[in-house]
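S.K.: Quick one, what's the 3D model for this:
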Amino acid sequence: MFAEAIEEILKDQCTPAAVRAIEAGGSAEALWDAIADAGFLELLAPEDLGGAMLPLPDLFPVLTALGAYAMPLPLAQSIAARTVLAGRTEIPAGMLTLAPALRCAEDGSLTCPLVPYGAIADHVVVQNEDQVLVLPGASAVRTLTGVHGSLVATMTWQPESQTAQTTLAAGGLAELGAALHAALLAGAMRRVFDMTLQYANDRTQFGKSIGKFQAIQHQISVMAEHVAAALIAAEAAFQGDARMPAPLASAIAKSRTSEAAVLVASIAHAVHGAIGVTEEYDLQLLTRRLHEWRIAHGSEAHWNQVVGQRVLQSGQERIVDFIRTASV
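M.R.: This next block holds a predicted model:
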């Protein structure tokens, strides 16, 4: 129900033209208000706080829909951040995002490197050991990456900046950010696959569609396998009755989806040829997100180490036994 409802909003408000406009520095108010006014910011909030208290399995298709539309706003992050802060501290208005790391300088200044949507976020939620800080975007110095269309920014606050804080188990935000981006990646990859398959069937060469050539069929088959594996891994992180994704399942999900993202993007552009990299064609809106979300909150290299350490600590003699209990 919620996935279908947000899909209708995204079709009208999160069009490729709207995504391009926001990436170019245009106003995000119309898209943000349409989603906020529909109540989607409170999907995970308790019912006594006006939320839907949506189970994780029902949240997953909402997140994949955001990925499929190359969402240019920190909506997934805002939903999660509001849940983390609910009942612990006052939730600030506006767009919230999750920072992957925090650096504390000797002079008291704070730096969050490469914050997803840091270029436009109103507040940043970041973990500092067992504390969670809520940092105002308005007082931050934002340094953009310079990548075309990217809304990632490194954010720095001077010592006098006002912050709110609350407590949370160490490491909690890291896995949460990983799970969110795994779902976004899975949705974007599924959309990229659909576009690639459609293009291969429509584009003709030598009198027949290029999708009938064995070399193209082989590439699309490999792509389909990785998209399916990514979707399964990401969905596994959003199972159970808990209010937050399981840490290990989140690590596995981000590892698998980040690994698949590079291959899916490269095959999509190989099949599309030159048209795939043009500004006017929508494929690049999604493949740029794949590369950006792949490294957000840690790439596959980081999470592979985390999963590997858990395997060694588990005492399981066979890897299949470890996998069977990974989300428990």
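S.K.: On the pLDDT front, check the closest residue to residue 28 other than its chain neighbours for me.
M.R.: Nearest residue to residue 28 in three dimensions, chain neighbours excluded: residue 22, at 5.0 Å (C-beta to C-beta, 6 or more residues apart in numbering). Where you see a C-beta, it was placed from the backbone N, CA and C, and this is true even at glycine. Per-residue confidence (pLDDT) for residue 22: 98.
S.K.: if I read this right, residue 22 contacts residue 74, doesn't it?
M.R.: No - contact criterion C-beta atoms under 8 Å: residue 22 and residue 74 do not qualify, at 11.6 Å.
S.K.: between the two, what contacts are shared?
M.R.: Residues touching both residue 22 and residue 74 by C-beta atoms under 8 Å, 6 or more residues apart in numbering: residue 120.
S.K.: Who has more neighbours out of those two?
M.R.: residue 74 (28 against 22; other C-beta atoms under 10 Å).
S.K.: what's the more buried one in contact with, if anything?
M.R.: Taking C-beta under 8 Å, 6+ apart, we find residue 74 in contact with 95, 96, 97, 98, 116, 117, 120, 121.
S.K.: re earlier: contact partners for the residue nearest to residue 28?
M.R.: 28, 31, 72, 73, 120, 151.
S.K.: Relative to residue 25, how far out is the fifth one?
M.R.: Distance of residue 120 to residue 25, computed by C-beta to C-beta, to the nearest Å: 9 Å.
S.K.: More neighbours: the two, which one.
M.R.: residue 120 (20 against 10).
S.K.: Look up the closest residue to the more buried one, ignoring the ones flanking it.
M.R.: Closest to residue 120 by C-beta to C-beta, 6+ apart is residue 151, at 5.8 Å.
S.K.: Report how many residues lie close to that neighbour.
M.R.: The burial count for residue 151: 23, using other C-beta under 10 Å.
S.K.: pretty sure it belongs to a helix, no?
M.R.: No - the assignment for residue 151, made by DSSP: H, G, I helix; E, B strand; the rest coil, is coil rather than a helix.
S.K.: Tell me which stretches of this protein form strands.
M.R.: Using DSSP state E, the strands of the chain run over residues 96-98, 103-104, 110-115, 123-128, 131-136, 141-144, 153-157, 164-167, 204-205, 208-209.
S.K.: Below-threshold pLDDT in the stretch 201-328 of the chain: ranges please.
M.R.: 326-328 (pLDDT under 70).
S.K.: same check, this time on the stretch 51-200 of the chain
M.R.: 161-171.
S.K.: That one: helices as residue ranges?
M.R.: 56-68, 75-85, 172-202 (DSSP state H, counting those that start in this stretch).
S.K.: Quick one: closest of these to residue 296.
M.R.: helix 172-202 (4.9 Å; C-beta to C-beta).
S.K.: Now do the closest one against strand 123-128, angle only.
M.R.: 120 degrees (axes from the mean of the first three to the mean of the last three C-alpha atoms, to 10 degrees).
S.K.: Show residues contacting stretch 228-246.
M.R.: For stretch 228-246, using C-beta under 8 Å, 6+ apart, the contacting residues are 44, 55-57, 59-60, 63-64, 83, 172, 175-176, 179, 182-183, 185-186, 189-190, 249-250, 252-253, 255-257, 260-261, 264, 326-328.
S.K.: Repeat the analysis, applying 7 Å as the threshold.
M.R.: For stretch 228-246, contacts defined as C-beta atoms under 7 Å, 6 or more residues apart in numbering pick out 44, 56-57, 59-60, 83, 175-176, 179, 182-183, 185-186, 189-190, 249-250, 252-253, 256-257, 260, 327.
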